[in-house]
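> quick one: sequence plus predicted model below, questions after.
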Amino acid sequence: MTTPVDAEQAWQDLQRIRVPQERVYDEVERRAEGDQRTTYVTAAMMWLFLASYELKLPTWGSLLILAGYIGGLSSLIVLCSRRSRVRLHRSRYTWRTFATFFAGAVVGGGMIVLTDLLTEWLALPYGNLIQATVSVAAFLLFVGPANRWAVSPLRSRALGEHPQRTVHEEVRR
Amino acid sequence: MSTPSGFDELIHPSTRLSVVALLAATEWADFPFIRDSLSLSDSALSKQLHTLEEAGYLEIRKEGGGRKRRTKVRLTARGRTAFDGHVAALRAIVEGAGPAAALATPQQHAEAGR
């Protein structure tokens, strides 16, 4: 069979493929580490939502605030999606991404329930404000390391961690 | 339209190979991101994208209007298959070269270095 390129050129082409894909992972990692404004806006909305229970609003008031909270979060998701320049292909994600999502829900929900129980048990004043502050602090402490943990294996899984070998080293393997 | 497999002459040129390689890692990427990542001019990238679009390898979608207009580029299933086939063909060429290439070429390099 005649091939249009020799082994040396084919190897160079394979190395050339890595470079643009590295740029994609650079962008994904930069977004996972750097979007602090979105994190703080999410935390602020979460605090307002949880603290609003201190006001002892009627059911319709609580539902209104819940609708506002869900609407705010949805708008933030849409805004983030519009701002992003690239989206990683679904086949490139690992189990860690999904685990982080569920762990976030468990940590957030668990902290709300735990602080609610503690403030009631200790009969602390302004229980909902304490609950909101502790839950938001847990969220802020969790979200950064969790994002980095979720994103860190993506590049090595797709591109490998091997240093660039020559064609001669490759065919000897 | 037949499904391409193996070495792909359309993807082979270095700029197109880089464009398709970048898009293979993504669901979509926007035009400025591809341009900046590959250090290409708008016109050079446009030309390559339209060539690939005509072959059915990618989709170009324009969103919004006015100053907020965005161009998103996505690799189609056909384009993804072509890229996978091309990469497999390149690997086969490298592996097919075997010990002969590994032994012969360093000698050539050594001679060239004298």
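Structure's in. What do you need? Numbers count the residues shown, from 1 in each chain, chains lettered A, B, ... in the order given.
> pull the contacting residues for A:I17.
For A:I17, the contact set (C-beta atoms under 8 Å, 6 or more residues apart in numbering or on different chains) comprises B:17-18, B:21, B:87. Yep, even glycine has a C-beta here, placed from its N, CA and C like the rest.
> confidence-wise, which helix or strand of chain A is lowest on average?
helix A:167-172 (a mean of 49; mean pLDDT, DSSP states H and E).
> excluding its backbone neighbours, what's nearest the residue nearest to the spatial centre of chain B?
With distances taken as C-alpha atoms, centre = their mean, chain B has B:L17 as the residue nearest its mean C-alpha position (2.2 Å). Leaving aside its chain neighbours, B:L17 sits nearest to B:I11 (5.6 Å; criterion: C-beta to C-beta, 6 or more residues apart in numbering or on different chains).
> okay, now the unreliable bits of chain B?
Across chain B, the ranges flagged by pLDDT under 70 are B:1-5, B:97-114.
> enumerate the residues of it near chain A.
Residues of chain B that fall close to chain A, judged by C-beta under 8 Å from any C-beta of the partner chain: B:7, B:9, B:12, B:14, B:17-19, B:21-22, B:24-30, B:32-33, B:37-38, B:87, B:89-91, B:93-99, B:101-102, B:105-106.
> any chance of a ChimeraX selection covering the buried ones in those residues?
In ChimeraX, this line selects whichever of the residues of chain B next to chain A come out buried by 16 or more other C-beta atoms under 10 Å in any protein chain shown:
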select /B:7,12,17,18,19,21,22,24,25,26,28,29,30,33,37,38,87,89,90,93,94,97,101,102,105
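> where do the helices sit along chain B?
Taking DSSP state H as the criterion, chain B contains helices spanning B:14-24, B:31-38, B:42-54, B:77-113.
> these: which one's closest to A:L55?
Closest of these to A:L55 is helix B:31-38, at 44.7 Å (criterion: C-beta to C-beta).
> could you check the angle helix B:42-54 makes with that closest one?
110 degrees (axes from the mean of the first three to the mean of the last three C-alpha atoms, to 10 degrees).
> which residues are contacting helix B:31-38?
Contacts for helix B:31-38 (C-beta under 8 Å, 6+ apart): A:20, A:23-24, A:27, A:85-86, B:15, B:18-19, B:22-23, B:40-42, B:45, B:70-73.
> find the residue at the geometric middle of chain A.
By C-alpha atoms, centre = their mean, the mean C-alpha position of chain A lies nearest to A:N147, the distance being 4.4 Å.
> what sits closest to it if chain neighbours are left out?
In this structure, A:N147 finds its nearest non-sequential neighbour in A:A32, 4.4 Å apart by C-beta to C-beta, 6+ apart.
> buried sites along the helix or strand where that neighbour lies?
According to DSSP states H and E, A:A32 maps onto helix A:7-34. Residues A:7-11, A:13-14, A:17, A:20-25, A:27-29, A:31-32 are the ones in helix A:7-34 that count as buried (16+ other C-beta under 10 Å).
> by contact count, what packs against the helix or strand following that helix?
Per DSSP H and E, the first helix or strand lying C-terminal to helix A:7-34 is helix A:36-51. Under the contact criterion of 3 or more C-beta pairs under 8 Å, 6 or more residues apart in numbering or on different chains; DSSP states H and E, helix A:36-51 touches helix A:59-83, helix A:127-159.
> would you format those as a markdown table with mean pLDDT included?
Listed next are the helices and strands packed on helix A:36-51 as a markdown table, based on pLDDT from 0 to 100:
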| stretch | mean pLDDT |
| --- | --- |
| helix A:59-83 | 91 |
| helix A:127-159 | 87 |
